[in-house]
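>>> when you get a sec, could you give me coordinates for this:
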Amino acid sequence: MTRKIMIALAATAVIAGFELAPSPASAAWYGHRADIRADRRDIRSDRFDVRRDRGDLRRDWRDFGRDIRYGSRADIRRDFADIRRDQRDLRYDQRDLRRDRRDLFRDRYGY
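The predicted structure follows:
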């Protein structure tokens, strides 16, 4: 009888030990490096988008100025609509860049 009780207690201790031990999925470092790499890749692509949008915006302003001097009202309206669309896209890309930087900071320091 004592032997059966001891075996039952040992089995209970082993099972409880497995349940209390941290699993890799619950550890904070699980998948951490891949997430940081993805955040850095997102930041690089967002910076590229911001540079491209700024260049496009400069070209649109140059075209707008030329159309103000020599173009028609339809050209001016089309250029102004393009400028507003590019400014909105630039704002969205900058906001996305800020969010990715914040996410990278939180991943790096474990928040």
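
>>> continuing past the helix ranked longest in the chain, what's the next helix or strand?
Using DSSP state H, we find that the single longest helix of the chain is helix 32-70. As assigned by DSSP states H and E, the chain's next helix or strand after helix 32-70 is helix 73-109.

>>> against which helices or strands is that next one packed?
With contacts taken as 3 or more CB pairs under 8 Å, 6 or more residues apart in numbering; DSSP states H and E, helix 73-109 sits against helix 32-70. Yep, even glycine has a C-beta here, placed from its N, CA and C like the rest.

>>> who are the contact partners of residue 63?
residue 79 (CB atoms under 8 Å, 6 or more residues apart in numbering).

>>> which intervals of the protein have sub-threshold pLDDT?
Applying pLDDT under 70 to the chain picks out residues 1, 9, 13-14, 16-31.

>>> now with 90, please.
Across the chain, the ranges flagged by pLDDT under 90 are 1-39, 71-72, 104, 106-111.

>>> separation between residue 32 and residue 57?
Distance, residue 32 to residue 57, using CB to CB, to the nearest Å: 37 Å.

>>> those two: who's more crowded?
Ranked by neighbour count (other CB atoms under 10 Å), residue 32 and residue 57 place residue 57 first, with 17 against 13.

>>> excluding its backbone neighbours, what's nearest that one?
Excluding the flanking residues, the one nearest residue 57 by CB to CB, 6 or more residues apart in numbering is residue 86, at 4.7 Å.

>>> tell me how far that neighbour lies from residue 46.
Computed as CB to CB, the residue 86 to residue 46 distance reads 16 Å.

>>> please name the residues that touch the residue nearest the centre of the chain.
Ranked by distance to the mean C-alpha position of the chain (CA atoms, centre = their mean), the top residue is residue 100 at 3.8 Å. With contact set as CB under 8 Å, 6+ apart, residue 100 has these partners: 39, 42-43, 46.

>>> quick check: buried residues in the longest helix of the chain?
Residues 39, 42-43, 46, 49-50, 53, 56-57, 60, 63-64, 67 are the ones in helix 32-70 that count as buried (16 or more other CB atoms under 10 Å).
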